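> Fold the following, please.
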Amino acid sequence: MGIPHDHDGSGVERAASLADTVDRLRAELEQTHAVARRTAILEQAKGLLAERFGCGVAAAHTHLLEIARDSGVSPEVAARLLLTPEPGGEDAPSPGVLSVLSPGVPDTDVAARLHARARPRVTPSPGPAPPAADDPAAQHEQTQRIGNLGWGLWDLTGGRIHWSDRLYRIFGRDPAEGPLPLERLAERVVPADVPLVVHLVRTLLDGTEKVDNEIRVLRGEETRDVRFMGEPVLDAYGTPAAVRCVCQDVTRWRLGERALKASRVQLERRLIAAERHQAIEMQRSILPLPEGIVEKPGLRAAVRYLPAGHSARVGGDWYETTAIDGEGVFLAIGDVSGHGLNAAAAMARLRNGLSGLAFSGAPPDRLLGWLNRLTLHWPTSLTATVLAGRYDPDERTLTWAQAGHLPPVLIREGKAVTLDPPEGILLGAMHEPEFAVETTSLEPGDLLLLYTDGLIERRERCLQEGLDLLVHAASTTGSRDPEGVLDHVLEAFGAPNPNDDTCVVAIQIE
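Reported below is the predicted structural model:
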């Protein structure tokens with residue numbers, strides 16, 4: 001027997017409506033991602049300019065606008081080019097990237113002009129001529145100034161200490177106070193870095209190896225990031241006779257890095273929030289939750305759906321209760337692997353596929369076999385668990401099958417037990433699996449709990465412990481009303497699962 005077709009057209013209309021919803025939500029998400037990517041590029045470019053010019057983010061934004069205007073491109077294009085290697089390097093962008101934006105102008109020319117424009121301008125001013133190449137002292141001072149460098153020398157035999165003027169500036173020390181001995185360097189760093197500085201000094205005095213670490217120096221009310229590079233100078237006997245160091249103030253670079261990192265984190269959070277919003281919108285449009293009790297032939301049902309407590313995760317849990325003329329009531333619950341928009345979209349395909357197949361009148365085991373074939377043809381390799389059954393209100397029997405799903409809990413006369421599940425493996429795991437079917441006789445007043453693993457599975461306990469807790473909660477509910485039972489069970493489990501959605505259906509037999 002093949003997969004049945006939809007003869008009355010309702011399934012087609014339903015699928016078309018679902019497809020429109022999915023397409024709209026995907027388009028909105030793609031637009032959100034595009035805006036976030038443009039924002040990320042602009043923020044990174046501003047961070048780069050802030051580092052180059054030594055200015056704040058607002059001033060860097062002004063620089064970016066000026067650069068774009070002078071180069072004849074949009075700020076977004078200017079930002080992209082500034083974040084690429086400079087033309088002429090090994091990783092320079094290939095020609096043609098900007099030919100559409102600036103016809104007739106090679107993109108390498110535009111990029112070169114942008115990089116040149118993005119460098120701080122040095123305004124000529126009257127003063128002494130540049131130091132001559134044969135003036136080592138002047139060249140040395142210029143190197144320290146440009147590189148934010150300072151040097152120091154500790155003579156361990158004679159006790160003399162020499163610091164350059166810029167080393168005094170880096171450590172925020174008055175030259176009139178003189179240089180610090182090696183043993184007192186730890187006085188100038190933040191408390192958290194004291195053990196590191198003590199270790200660096202000990203290593204240098206032992207004469208074993210060079211050191212190269214970043215330390216945080218206290219300079220009045222501010223903290224500076226300083227790269228400390230030192231080496232011991234050994235005498236003829238291999239004993240340390242002196243220690244020399246070069247320090248570089250890298251505060252501006254680290255501020256830029258931290259600003260960029262913070263921007264990336266903020267953008268990632270926005271993307272996660274946007275995707276979660278889209279996934280929840282899709283869930284609500286596909287899986288509307290009923291208000292109060294749902295009345296079906298021979299039974300009453302209540303549903304609870306709890307999103308994951310973690311804001312970044314939206315799962316693919318779902319349920320179905322549909323009355324079919326002449327076939328009783330079709331019941332199902334399932335869980336698609338994964339989280340986010342893909343899981344929500346897969347949940348929609350799975351739920352609507354099974355709902356349509358249910359009208360064929362085929363038994364639950366055959367329905368799951370068809371659904372497994374559909375799952376294997378999904379564009380993404382997802383798996384899913386499903387429990388599906390048909391309730392006959394005349395006979396009060398539930399004929400059901402399951403694909404890797406947790407067994408129902410039956411509450412009868414105040415006692416709760418889990419039903420023995422028929423054989424079945426989760427959907428999408430293998431081709432042509434065997435699904436067994438089970439028929440359970442029910443009595444008036446019986447109550448069935450169908451649920452997903454988000455209810456009972458937590459990091460702090462194993463699956464069996466969670467199942468035992470569910471059975472205990474169901475046995476002590478004291479309520480015969482489906483909503484009252486759900487409230488009691490959920491209260492027993494406490495806060496929502498932080499990592500997975502939870503769906504629970506309580507079905508009371510009349």
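
> Pairing-wise in the sheet, spell out the partners of the residue nearest to Leu447 when sequence neighbours are not counted.
Leaving aside its sequence neighbours, Leu447 sits nearest to Ile411 (Cβ to Cβ, 6 or more residues apart in numbering; 4.3 Å). Where you see a C-beta, it was placed from the backbone N, CA and C, and this is true even at glycine. Ile411 has the following beta-bridge partners by DSSP bridges: Ala416, Leu447.

> Tell me where the stretch 351-500 of the chain has strands.
For the stretch 351-500 of the chain, applying DSSP state E, counting those that start in this stretch gives strands covering 384-392, 397-403, 409-412, 415-418, 438-441, 447-451.

> any chance of those in JSON lines, with mean pLDDT and mean neighbour count too?
Output for these, formatted as JSON lines (pLDDT from 0 to 100; neighbours: other Cβ atoms under 10 Å):
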{"stretch": "strand 384-392", "mean pLDDT": "96", "mean neighbour count": "25"}
{"stretch": "strand 397-403", "mean pLDDT": "97", "mean neighbour count": "24"}
{"stretch": "strand 409-412", "mean pLDDT": "96", "mean neighbour count": "20"}
{"stretch": "strand 415-418", "mean pLDDT": "95", "mean neighbour count": "15"}
{"stretch": "strand 438-441", "mean pLDDT": "97", "mean neighbour count": "14"}
{"stretch": "strand 447-451", "mean pLDDT": "97", "mean neighbour count": "25"}
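
> Could you save these as CSV and add columns showing distance to Ala78?
Shown next, in CSV, are these (distance: least, Cβ to Cβ, whole Å):
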stretch, distance to Ala78
strand 384-392, 47
strand 397-403, 54
strand 409-412, 62
strand 415-418, 64
strand 438-441, 67
strand 447-451, 55
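
> To Ile67, which of those lies closest?
In terms of Cβ to Cβ, the element of the strands of the stretch 351-500 of the chain nearest to Ile67 is strand 384-392, at 51.6 Å.

> what angle sits between that closest one and strand 397-403?
170 degrees (axes from the mean of the first three to the mean of the last three Cα atoms, to 10 degrees).

> so how far is strand 384-392 off the chain centroid?
Relative to its chain's centre, strand 384-392 lies at 34 Å (Cα atoms, centre = their mean, to the nearest Å).

> wait, isn't Val243 in contact with Leu156?
Yes: here Val243 reaches Leu156: they are 6.7 Å apart, a contact under Cβ atoms under 8 Å.

> Looking at these two, which is more packed in?
For Val243 versus Leu156, the count of surrounding residues by other Cβ atoms under 10 Å is larger for Val243: 21 against 18.

> Who does the more buried one form a beta bridge with?
Bridge pairing for Val243 - DSSP bridges - gives Trp154, Pro232.

> what's the most far-flung residue of the chain relative to its centre sitting at in phi/psi?
Within the chain, the residue lying farthest from the chain centre (Cα atoms, centre = their mean) is Gly158, at 58.1 Å. As for Gly158, its main-chain torsions (degrees, to the nearest 10) stand at phi -90, psi -10.

> Tell me which stretches of the chain form helices.
Using DSSP state H, the helices of the chain run over residues 10-53, 57-71, 75-82, 107-117, 136-147, 165-171, 194-206, 251-286, 341-358, 364-376, 453-456, 463-475, 482-493.

> ok, back up a step: hey, what's in contact with both of Val243 and Leu156?
Residues touching both Val243 and Leu156 (Cβ atoms under 8 Å, 6 or more residues apart in numbering) are Leu205.

> what's the span of stretch 433-451, first residue to last?
From its first residue to its last, stretch 433-451 covers 23 Å (Cα to Cα, to the nearest Å).

> circling back: which of the helices of the chain comes out lowest on mean pLDDT?
Per-stretch mean pLDDT for these is lowest at helix 107-117 (a mean of 50).

> Counting neighbours, what do you get for Asn497?
Neighbour number of Asn497 under other Cβ under 10 Å is 25.

> nope, Val35 is what I was after
13.

> Check Glu483 too.
17.

> quick one: the nearest residue to Gly369 once chain neighbours are set aside from Pro364, how far?
Nearest non-adjacent residue to Gly369, counting by Cβ to Cβ, 6+ apart: Phe435, 5.9 Å away. Computed as Cβ to Cβ, to the nearest Å, the Phe435 to Pro364 distance reads 8 Å.

> Give me the more crowded residue out of those two.
Neighbours per residue (other Cβ under 10 Å) separate Phe435 from Pro364, with Pro364 holding more: 29 against 23.

> residue contacts, that one?
388-390, 399-401, 435, 437.

> cool, and Trp154?
161, 181-182, 242-244.

> The residue farthest from the centre of the chain and Ile333: what is the separation?
84 Å.

> just Leu406 next, same as before
Taking Cβ to Cβ, one finds Leu406 at 9 Å from Ile333.

> Now the common contact residues for those two.
387, 451-452.

> Looking at the residues you listed, which is nearest Asp468?
Using Cβ to Cβ, the shared contacts of Leu406 and Ile333 come closest to Asp468 at Tyr451, 14.0 Å.

> Could you find the closest non-adjacent residue to that closest one?
Counting by Cβ to Cβ, 6+ apart, the residue nearest Tyr451 is Val504, at 4.6 Å.

> burial count for the one you found?
Val504: 24 neighbours (other Cβ under 10 Å).

> Am I right that it is in contact with Asp453?
No: using Cβ under 8 Å, Val504 is not in contact with Asp453; the gap is 11.3 Å.

> Tell me what Arg304 is bridged to.
Following DSSP bridges, Arg304 is listed with bridge partners Val504.

> That one and Val504 touch, don't they?
Yes: if you go by Cβ under 8 Å, Arg304 and Val504 touch, sitting 4.9 Å apart.

> what do those two both touch?
486, 490.

> any idea of the pLDDT on the residue nearest to Gly369?
At Phe435, pLDDT is 96.

> check contacts around it.
Contacts of Phe435 (Cβ under 8 Å, 6+ apart): 364-366, 368-369, 401-403, 422-424.

> any idea how far it is from Glu43?
Distance, Phe435 to Glu43, using Cβ to Cβ: 52 Å.
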